[in-house]
Each structure stands twice: as C-alpha cells, then as structure tokens.
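Q: Show me the folded form of this:
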Amino acid sequence: MKKILFFTISLIVSLTSCKKKSSTTNQVTSNVTNEEINFTCLGTAIGKFGNEETDVEGNKYKTVFIGKQQWFAENLKVTMYNDKTPIKNIVHISDVIKDSIWKKNTDPAWSYLDNVQTNKYLGLLYNFYVIDNGLKKNACPVGWRVPNNDDWNELINFLGGKEVAGDKLKEIGYKHWASGNLGANTSLFTAFPVEGNEDGDWWSNSDGANINYKSYLSLDHLKSLATIGPDADKNDALPIRCIKN
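A: Residues are numbered from 1 along each chain as shown. Okay, the predicted model is just below:
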C-alpha cells in the first residue's frame, strides 16, 4: 500500500511541476507527442497541459492552458484545411530569393523545413494565403483558429508583458534554439523556431504596418522579449500555432 501511495504522489508531482535547475530529466507529463521536442520547463509552471487535439489528417498535438486561453503547444503540421480541401505543396527555398516559385505564388501553400519530410515534427511552413484564402477555410482543427494580435497580446500580458514573456514561452535548451537561449518555458507553450535557430516567428491573423503586410509573434534566443512584428510579407514562410475558440 505504501508503494502504491508513493507512486501515486510521484505521478501527481510529475504532472504538475517543471524541471528544476539540476540534472533531473523528468518530463512534465508522460504524454509527449514527439521525443525531439522538450516540453519541460525551468522553475514553476504557469501553464497547464490539456487534452491532446487531433487535426483532420490524424496529427496529434499537445495543448496547454495559459490564463483563460488554450493553445497548441506544437506547431501546425496539416497539409489540408479542416474540410479536407488540400493546400498546395510548394518548395520553399529561401525568403531571400525573391524570384523563387514560392515568392511568386499567391495561392495557399505549405513546405517542409529545408524541404525534408522528417522535419515535419517541427511543424510546416505556411504562407499567409493559407490564412487569408478568401474562402473562410480554416487550417486549424474545428473549434480552433489562427490567433490574431489581440490573442497574442493577451498571452504576452498574462505572462508579465513583452519585456519578460519571451523566456516564458520558449522551449528550453539548444536542440532547436541557438546557443545562449534563455528560454525557461514556464508557460509550457514550448515555442521553438522552424527556420534558423536565433529567432522564431509565428503568424498572426491581423494586419501589419499597412495593407501589404501582416503581423506575427517574434521571439529571440538571446532576449526575453516577445514582440508583435508588423512587417511580414504574405509570401513569407512561417509556422502556425492554433488557439481554441
């Protein structure tokens, strides 16, 4: 009986606490969808993991409650809308190459990081036409949507404001972020970049600096900042995090 009681208490602790600043490698939860992603945190958890969500293709995602919001704790991986309408796959070479097929395209499109299928666990890269498709189609699962600036700002403000929210959002360690990453992931949001490893950006379903640009959440590996960028081009290739309606 004592052994059963000890095991039960240990399990409860593992589900409600974060990884301490020591050599321990205990996971926050045993329900980890990909071993390459580190869902642990440093310090006391602010967020709380929810039930898994499944998209129209069967991809599963960890979810997390942060304040009054529920978010995906992983980047979207779907290649079709939730009504099963396919999204075009186009090879994304680089945002720097202005004459690439990706840059010239004005249809909804997705790509793997470096065009390597095994990178799918990181999430897919999407242009903004996937979100602004003119048909009110939604790539997030039913009941979920692409966040707008109000959603991102509510998240940032709940975590203490833009000066400190970044570290609370970022995945810990250097698996996906560059050396020097200050992420503590106490929100359990587990943000990691998909292109490059020094900064990460995620689409916002809001206008940017003018009609030609869109907004996005931006995090830097060496800074605690979490900012809303105003200048993403519709042809940029960014990941998506879904938020519960």
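Q: where along this protein do the helices fall?
A: With DSSP state H as the definition, the chain shows helices at residue ranges 2-16, 101-104, 149-158, 165-169.
Q: Where among the ones you listed is average confidence lowest?
A: When the helices of the chain are compared on average pLDDT, helix 2-16 comes out lowest at a mean of 38.
Q: Residue 191 contacts residue 169, correct?
A: Yes: Residue 191 lies in contact with residue 169 (C-beta atoms under 8 Å); the separation is 4.6 Å. Heads up, the C-betas are built off the backbone N, CA and C, glycines and all.
Q: So the two - more neighbours on which side?
A: residue 169 (28 against 24; other C-beta atoms under 10 Å).
Q: Contact partners for the more buried one?
A: The contact partners of residue 169, taken as C-beta atoms under 8 Å, 6 or more residues apart in numbering, are 155, 159, 183, 185, 187, 189, 191, 219, 226.
Q: Same question for residue 244.
A: Contacts for residue 244 (C-beta under 8 Å, 6+ apart) come out as 63, 69-71, 143-144.
Q: Could you report the pLDDT at it?
A: pLDDT, residue 244: 98.
Q: For it, give its distance to residue 166.
A: Counting by C-beta to C-beta, to the nearest Å, the gap from residue 244 to residue 166 is 22 Å.
Q: Also residue 84?
A: For residue 84 relative to residue 166 (C-beta to C-beta), the value is 36 Å.
Q: Which one of the two is surrounded by more residues?
A: Taking neighbours as other C-beta under 10 Å, residue 84 and residue 166 compare with residue 166 leading, 26 against 8.
Q: Please tell me I have it right and the more buried one contacts residue 222.
A: No: using C-beta under 8 Å as the test, residue 166 is too far from residue 222 to be in contact (9.9 Å).
Q: Name the residues contacting each of those two.
A: When contacts are counted by C-beta under 8 Å, 6+ apart, residue 166 and residue 222 have residue 182 as shared neighbours.
Q: where are the low-confidence patches of this protein?
A: 1-35 (pLDDT under 70).
Q: at 80 instead, please
A: For the chain, residues meeting the criterion pLDDT under 80 lie at 1-35, 94-99, 133-135, 196-197.
Q: can you give me the strands in it?
A: For the chain, strands defined by DSSP state E occupy the ranges 48-49, 53-54, 60-61, 63-66, 69-72, 88-89, 109-111, 125-126, 144-145, 199-207, 213-220, 226-233, 243-244.
Q: who does the fifth one touch, helix- and strand-wise?
A: Which is strand 69-72. Counting contacts by 3 or more C-beta pairs under 8 Å, 6 or more residues apart in numbering; DSSP states H and E, strand 69-72 is packed against strand 63-66, helix 149-158, strand 243-244.
Q: try the second one
A: Contacts defined by 3+ C-beta pairs under 8 Å, 6+ apart place strand 53-54 against strand 60-61.
Q: The strand it packs on pairs with which strands, and in what direction?
A: Sheet pairing for strand 60-61, assigned by DSSP bridges, gives strand 53-54 (antiparallel).
Q: what does the strand it pairs with contact?
A: For strand 53-54, using C-beta under 8 Å, 6+ apart, the contacting residues are 60-61, 63, 72, 141, 144, 242.
Q: Which PyMOL command selects the buried ones in those?
A: To isolate the buried members of those in PyMOL, using 16 or more other C-beta atoms under 10 Å:
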select buried, resi 61+63+72+141+144+242
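Q: Of the contacts of strand 53-54, just say which sits nearest to residue 132.
A: Nearest to residue 132, judged by C-beta to C-beta, of the contacts of strand 53-54 is residue 242 at 15.9 Å.
Q: can you pull the contacts of the closest one?
A: Counting by C-beta under 8 Å, 6+ apart, residue 242 touches 53, 61, 71-72, 76, 140-141, 144-147.
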